[in-house]
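In: no sequence on this one, just coordinates:
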């Protein structure tokens with residue numbers, strides 16, 4: 001085997017990466033420029049982050065963390081593989097009971113990497129064997145290549161039929177080479193794959209050469225269809241590639257049935273489109289209700305704030321026998337400071353305006369974006385009830401923005417408050 005660390009990543013992974021990256025950039029731009037698309041993207045990211053956090057929580061509480069005291073032989077092998085694969089920051093290693101499943105995986109959460117081995121796969125190999133080195137090396141290949149992070153950032157491109165599965169298969173092929181590089185002999189990787197395919201006992205008795213021959217001999221439409229939609233190389237292909245590394249040979253790229261690409265496009269695409277459709281459907285139901293509830297909350301906040309402004313200004317006028325000459329006279333306690341601090345600012349989607357003089361006062365609240373941040377316009381003056389906005393004779397007056405359309409779109413809303421007596 002003539003493998004150098006710099007050559008472990010297969011060429012087709014690099015090629016696929018360029019195309020997936022281009023598609024992903026276009027997809028993210030499309031999501032960002034559309035509000036609904038951006039919200040959906042953020043919701044998906046939030047769900048993935050929460051699910052990842054729950055997975056790590058399960059590992060920390062129900063899996064066994066491997067270190068110098070817990071299974072030290074396995075941990076020593078793990079550190080050797082990490083060093084050989086030039087990994088600077090060592091991921092945490094866990095072993096978890098898997099009810100007979102033979103597998104392992106690498107994951108990431110909050111910038112930290114984790115490698116998980118299923119207990120049955122550890123039992124199948126000696127903790128210092130080349131088989132376990134291959135298995136660990138494969139997962140460290142994912143960590144070192146940052147595949148978890150790349151798959152998250154390249155999500156739009158990975159949704160593309162044929163291209164997404166092709167890139168994922170190339171990543172797995174590269175990680176098999178990482179695993180082979182971590183072994184002293186390539187046979188360790190071959191034996192490890194045969195155990196994954198045939199089981200802990202029977203896998204050791206099976207002939208890898210005969211199994212690899214299935215990749216070249218058993219072709220046809222359905223095999224081709226399976227290959228183009230599956231995100232992993234077939235097990236027979238993986239064994240064939242490792243045998244080729246061992247024998248200094250090359251596995252030629254086998255032709256696939258042309259019709260498989262056509263059906264592969266739609267079968268893979270339908271799965272992804274269905275998933276996106278469900279997410280969009282849920283978002284279409286949830287987002288309007290969230291926005292509507294937000295607007296109602298903003299309306300209630302603006303109404304209550306204007307009521308409080310009017311009430312406190314009225315209390316001052318009754319107590320002093322005149323209207324306040326400036327805003328500072330009304331800010332005599334923490335509650336008043338909190339209420340009148342909204343003057344001249346946009347709070348909860350409403351722009352508050354406060355005009356105060358010895359002749360009288362006027363407070364108003366207008367939605368910053370009508371129909372999005374709020375639906376009502378609230379006005380009050382020293383001689384009026386709070387209105388939306390209506391003169392005492394019932395005639396609508398123009399809003400402060402000078403746009404009469406704002407007043408025509410909503411019926412007047414009047415809030416009954418005690419009037420403040422005129423100053424003498």
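Out: Structure received. None of the values given here were measured: they were computed from a predicted structure.

In: how about the strands in the stretch 101-250 of the chain?
Out: Along the stretch 101-250 of the chain, counting by DSSP state E, counting those that start in this stretch, strands occupy 104-109, 112-118.

In: partner strands of the longest one, with direction?
Out: Looking back up the chat, that one is strand 112-118. In the sheet, strand 112-118 lines up against strand 92-96 (parallel), strand 104-109 (antiparallel) (DSSP bridges).

In: low pLDDT regions in the stretch 251-400 of the chain?
Out: Low-confidence segments of the stretch 251-400 of the chain (pLDDT under 70): 267-289, 383-400.

In: all helices of it, in order?
Out: Assigned by DSSP state H, counting those that start in this stretch, the stretch 251-400 of the chain shows helices spanning 258-320, 334-340.

In: domains in the protein, by residue range?
Out: Taking automatic domain parsing as the reference, the chain has its domains at 5-256, 295-409.

In: would JSON lines of these with distance to residue 266 and mean neighbour count be doable?
Out: For the C-beta atoms, the positions are set from N, CA and C on the backbone; glycine is no exception. Formatted as JSON lines, the domains of the chain follow (distance: least, CB to CB, whole Å; neighbours: other CB atoms under 10 Å):
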{"stretch": "domain 5-256", "distance to residue 266": "7", "mean neighbour count": "17"}
{"stretch": "domain 295-409", "distance to residue 266": "39", "mean neighbour count": "17"}
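
In: can I get those domains in a markdown table including distance to residue 265?
Out: Below are those laid out as a markdown table (distance: least, CB to CB, whole Å):
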| stretch | distance to residue 265 |
| --- | --- |
| domain 5-256 | 4 |
| domain 295-409 | 39 |
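
In: of all these, which one comes closest to residue 262?
Out: domain 5-256 (9.6 Å; CB to CB).

In: how far out from the middle of the chain is that closest one?
Out: 21 Å (CA atoms, centre = their mean, to the nearest Å).

In: show me what the closest residue to residue 148 other than its chain neighbours is bridged to.
Out: Among residues not flanking residue 148 along the chain, residue 108 sits closest, at 4.2 Å (CB to CB, 6 or more residues apart in numbering). With DSSP bridges as the criterion, residue 108 is bridged to residue 113.

In: can you list the strands of the stretch 101-250 of the chain in TSV and add mean pLDDT?
Out: Shown next, in TSV, are the strands of the stretch 101-250 of the chain (pLDDT from 0 to 100):
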stretch	mean pLDDT
strand 104-109	91
strand 112-118	94
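
In: among those, which is nearest residue 207?
Out: Short answer: strand 104-109, nearest of those by CB to CB, at 24.4 Å.

In: what does the closest one rub up against?
Out: The contact list for strand 104-109 (CB atoms under 8 Å, 6 or more residues apart in numbering) reads 49, 52-53, 55-56, 91, 113-118, 121, 135-136, 138-140, 142-143, 147-149.

In: and for stretch 119-130?
Out: 71, 73-74, 76-77, 95-98, 100-104, 131-132, 135, 183-185, 187-189, 191-192, 195-196, 200, 203.

In: which residues does residue 149 contact?
Out: With CB under 8 Å, 6+ apart, residue 149 has these contacts: residue 108.

In: please apply the same query to residue 358.
Out: Residues near residue 358 by CB under 8 Å, 6+ apart: 322-325, 423.

In: ok, so of those residues, who is nearest residue 225?
Out: residue 324 (79.5 Å).

In: the closest one touches residue 356, doesn't it?
Out: Yes. The pair residue 324 / residue 356 is scored as a contact, 5.7 Å apart, by CB atoms under 8 Å.

In: please enumerate the shared neighbours of the two.
Out: Common contact partners of residue 324 and residue 356 (CB under 8 Å, 6+ apart): 313, 330.

In: skipping adjacent residues, who's closest to the residue nearest the centre of the chain in space?
Out: Nearest residue to the geometric centre of the chain (CA atoms, centre = their mean): residue 45, 1.4 Å. Leaving aside its chain neighbours, residue 45 sits nearest to residue 152 (7.9 Å; criterion: CB to CB, 6+ apart).

In: distance of the one you found relative to residue 293?
Out: Counting by CB to CB, to the nearest Å, the separation of residue 152 from residue 293 is 30 Å.

In: ok, now residue 62?
Out: For residue 62 relative to residue 293 (CB to CB), the value is 38 Å.

In: and if you look at residue 97?
Out: Residue 97 is 44 Å from residue 293, where distance means CB to CB.

In: check residue 148 too.
Out: Distance from residue 148 to residue 293, by CB to CB: 36 Å.

In: what do you get for residue 87?
Out: 48 Å.

In: also residue 237?
Out: Distance from residue 237 to residue 293, by CB to CB: 53 Å.

In: do the same with residue 122
Out: Going from residue 122 to residue 293 by CB to CB gives 51 Å.

In: and if you look at residue 105?
Out: Taken as CB to CB, the span from residue 105 to residue 293 is 40 Å.

In: please apply the same query to residue 135.
Out: From residue 135 to residue 293 the distance is 50 Å (CB to CB).

In: again with residue 86
Out: 52 Å.

In: now swap in residue 223 and tell me
Out: 53 Å.

In: repeat for residue 332
Out: 35 Å.

In: ditto for residue 23
Out: From residue 23 over to residue 293 the distance is 36 Å, taken as CB to CB.

In: before we move on, what about residue 225?
Out: In terms of CB to CB, residue 225 sits 47 Å off from residue 293.

In: then residue 162?
Out: From residue 162 across to residue 293, the span is 42 Å (CB to CB).

In: ok, now residue 155?
Out: In terms of CB to CB, residue 155 sits 29 Å off from residue 293.

In: residue 377 too?
Out: Distance from residue 377 to residue 293, by CB to CB: 20 Å.

In: do the same with residue 333
Out: Distance from residue 333 to residue 293, by CB to CB: 32 Å.

In: do residue 262 as well
Out: The value you get for residue 262 to residue 293, if CB to CB is used, is 46 Å.

In: same check, this time on residue 342
Out: Taking CB to CB, one finds residue 342 at 21 Å from residue 293.

In: how about residue 125?
Out: The value you get for residue 125 to residue 293, if CB to CB is used, is 56 Å.

In: endpoints of stretch 204-222, how far apart?
Out: 29 Å (CA to CA, to the nearest Å).

In: fine, thanks again, bye for now.
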